[in-house]
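Novice: build me a model:
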Amino acid sequence: FVAVDKWKMKRRQLPPCLTTEQVAIAALPDAAYATFVTSITTSVAFFASAVIKIPTISLFATYCGLVVAVDYFLCIFFVFPALCVYDAHRAKGPASGGPGIWWSFSFDGFRVRKFIGK
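Specialist: I've put the predicted structure just below:
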């Protein structure tokens, strides 16, 4: 959710005429850095717990440390491109021949919004 929040914040702060690529150049490095710091500290904390001599706790800590590290890379390679696709799709809208329905995320869940076109 850090990437989504950073994207929305940059989209509001920057002029609306900017393209998706320009917003990505501004938003994604901040989001990647914040996500990296959080992921690395969490992963290191789990790996530090892996030295415990109880095998189940050691294996669980190792597993969680790896999951957090892999999750960071999945976020970089899937969430960020998905945000770019979402923004480009949303920018098209129905007026420029884009689709009339798009997915919108809010804190109360996913919902389908229908554009009211001509």
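
Novice: from here on, contacts and neighbour counts on C-alpha atoms
Specialist: OK.

Novice: how about residue 59: what's its closest non-neighbour residue?
Specialist: Take residue 59 and drop its neighbours on the chain: the residue closest to it by C-alpha to C-alpha, 6 or more residues apart in numbering is residue 50, 6.8 Å away.

Novice: before we move on, what about residue 45?
Specialist: residue 65 (7.7 Å).

Novice: isn't the one you found up against residue 46?
Specialist: Yes - Residue 65 is within contact range of residue 46, at 5.0 Å (criterion: C-alpha atoms under 8 Å).

Novice: packing partners of the helix ranked longest in the chain?
Specialist: Secondary structure of the chain read by DSSP state H shows that its longest helix is helix 20-49. In terms of contacts (3 or more C-alpha pairs under 8 Å, 6 or more residues apart in numbering; DSSP states H and E), helix 20-49 is packed against helix 2-13, helix 55-74, helix 80-92.

Novice: list the contacts of the closest residue to residue 79 other than its chain neighbours.
Specialist: Sequence neighbours aside, residue 3 is the residue nearest to residue 79 in space, at 7.6 Å (criterion: C-alpha to C-alpha, 6+ apart). By C-alpha atoms under 8 Å, 6 or more residues apart in numbering, the contact list for residue 3 reads 27, 28, 31, 32, 35, 79, 80.
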